[in-house]
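Engineer: compute the structure for the input listed below.
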Amino acid sequence: MRRYLFFVNQPYSYSILRPLQDEIRRRGDEAAWFVAGCSTAPLRADERHLKTVKEVMAFNADATFVPGDWVPYFFPGIKVEVFHGMARNKRGHSSEDESDHYRIRGWFDLYCTHAKKDTAKFRELADSHGHFSVAHTGWPKLDPLLSDALPGKRPQETGDLPVVFFASTFSRSVTAAPALVDTIGQLARSGRWKFIVTLHPKMDPSTVEAYRKLAGENLRFIESDADLLPILPQADVMLCDTSSIMFEFMFLDRPVVTFRTKMPGPYLIDVDEVESLEPALLQALEYPEGLMAATRELCDDLHSFRDGRSSERVLDAVEEFISGKGVKLRKKPLNLLRKFKVRRRLRKELKASSEK
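Structural biologist: Purely as a prediction, here's the structure:
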């Protein structure tokens with residue numbers, strides 16, 4: 001029986017890792033969670049929670065899965081990067097953002113990539129560095145979406161109002177939430193639309209509270225620690241700014257409207273003025289042929305698989321790595337200063353988690 005550890009440092013990690021947990025359990029293996037830096041509240045009663053480093057060492061996992069960019073190097077087993085999002089940045093195609101996605105920090109043994117482009121790039125890096133492997137697996141987070149939801153228009157009954165899923169990131173330079181609170185409130189009260197609203201965990205609390213107060217018959221407010229994937233299929237169109245959740249929604253083969261996005265393209269209907277918002281939403285509901293074709297092309301570029309079996313491929317890749325069927329790797333860089341910083345960060349974030 002294999003043992004696997006999930007290293008959680010951000011709230012978004014739970015929904016990324018749970019499809020892996022489902023597959024681990026299906027195979028008769030065991031999974032446990034170690035949380036440092038965020039709340040443990042989303043953990044479920046049937047999920048094993050390791051609260052201390054001592055417990056992690058005793059659990060002695062064969063592999064640790066990480067959606068973030070760091071992991072305690074001394075944890076047992078191989079370290080597997082599964083990423084917190086797809087290879088798409090928040091400022092279009094700037095080399096600065098792409099270099100951050102492809103930065104090799106020396107912590108991981110195996111990178112599980114999502115699409116042909118990022119796989120090719122990571123394999124180039126693997127050839128250069130020589131101390132990690134790459135497997136083209138897809139992203140576990142999308143498994144439930146691709147397995148359970150029907151792509152295309154949401155089934156509706158006569159008289160149903162169109163449903164807009166509004167999601168916004170927190171950065172002041174890109175967030176649309178403060179600018180749209182009055183407009184979204186007006187549209188919800190008009191009786192022409194229904195809204196589902198969620199905001200980034202780091203959103204300004206005053207903005208969060210403003211949207212909470214809008215909750216009513218035609219607006220449902222979702223707290224930031226909720227699992228959003230089961231909720232996405234309930235919407236006909238997404239309204240967004242520069243949050244990467246828009247790309248996840250696109251895999252439903254449904255349109256996205258953005259407000260002053262930093263990631264423009266033919267796969268979005270982007271508007272600059274609040275007065276243009278409702279016309280844009282109405283246009284999106286028509287599923288314009290060019291828009292949807294560009295959306296599908298982007299999805300193909302971001303993620304190679306549509307079968308909802310990425311978790312299977314990740315675990316198969318880990319098994320192949322552990323069994324020694326892959327290439328012979330060099331030792332990782334010593335990185336003494338970086339290792340010292342990781343230990344210090346771990347102590348700090350464990351303290352933060354205990355206070356939440």
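Engineer: what sits against the closest residue to Thr242 other than its chain neighbours?
Structural biologist: Once flanking residues are discounted, Thr242 sits nearest to Val174: 4.1 Å by C-beta to C-beta, 6 or more residues apart in numbering. Every residue, glycine included, has its C-beta placed from N, CA and C. Listed by C-beta atoms under 8 Å, 6 or more residues apart in numbering, the contact partners of Val174 are Lys90, Asp241, Thr242, Arg260, Thr261, Lys262.
Engineer: nearest to Lys339 among those residues?
Structural biologist: Proximity of the contacts of Val174 to Lys339 (C-beta to C-beta) peaks at Lys90, which lies at 29.7 Å.
Engineer: picking that back up, sort out which of the contacts of Val174 are buried, if you could.
Structural biologist: Lys90, Asp241, Thr242, Arg260, Thr261, Lys262 (16 or more other C-beta atoms under 10 Å).
Engineer: got any ranges where the stretch 201-350 of the chain has weak pLDDT?
Structural biologist: When residues are selected by pLDDT under 70, those of the stretch 201-350 of the chain lie in 326-327.
Engineer: do a quick rundown of the strands in it.
Structural biologist: Secondary structure of the stretch 201-350 of the chain (DSSP state E, counting those that start in this stretch): strands at 219-222, 237-240, 256-259, 269-271.
Engineer: could you identify which of the ones you listed is most buried?
Structural biologist: Of the strands of the stretch 201-350 of the chain, the one with the most neighbours on average (mean count of other C-beta atoms under 10 Å) is strand 237-240, at a mean of 26.
Engineer: could you say what helices and strands that one packs with?
Structural biologist: Counting contacts by 3 or more C-beta pairs under 8 Å, 6 or more residues apart in numbering; DSSP states H and E, strand 237-240 is packed against strand 163-168, helix 245-250, strand 256-259, helix 277-284.
Engineer: give me the angle between the first one and helix 277-284.
Structural biologist: In other words, strand 163-168. 120 degrees (axes from the mean of the first three to the mean of the last three C-alpha atoms, to 10 degrees).
Engineer: how's this structure carved up into domains?
Structural biologist: Per the record, the chain has its domains at 3-139+305-354, 148-302, by automatic domain parsing.
Engineer: longest helix of the chain, counting residues only.
Structural biologist: The longest helix of the chain (DSSP state H) is helix 336-354.
Engineer: quick check, distance from it to the centre of its chain.
Structural biologist: Taking the mean of its C-alpha atoms, helix 336-354 sits 23 Å from the chain's own mean (C-alpha atoms, centre = their mean, to the nearest Å).
Engineer: from Phe74, how far off is the residue lying closest to His129 once chain neighbours are set aside?
Structural biologist: Among residues not flanking His129 along the chain, Ile104 sits closest, at 5.7 Å (C-beta to C-beta, 6+ apart). Distance, Ile104 to Phe74, using C-beta to C-beta, to the nearest Å: 19 Å.
Engineer: more neighbours, the two?
Structural biologist: Ile104 (15 against 12; other C-beta atoms under 10 Å).
Engineer: much appreciated, bye for now.
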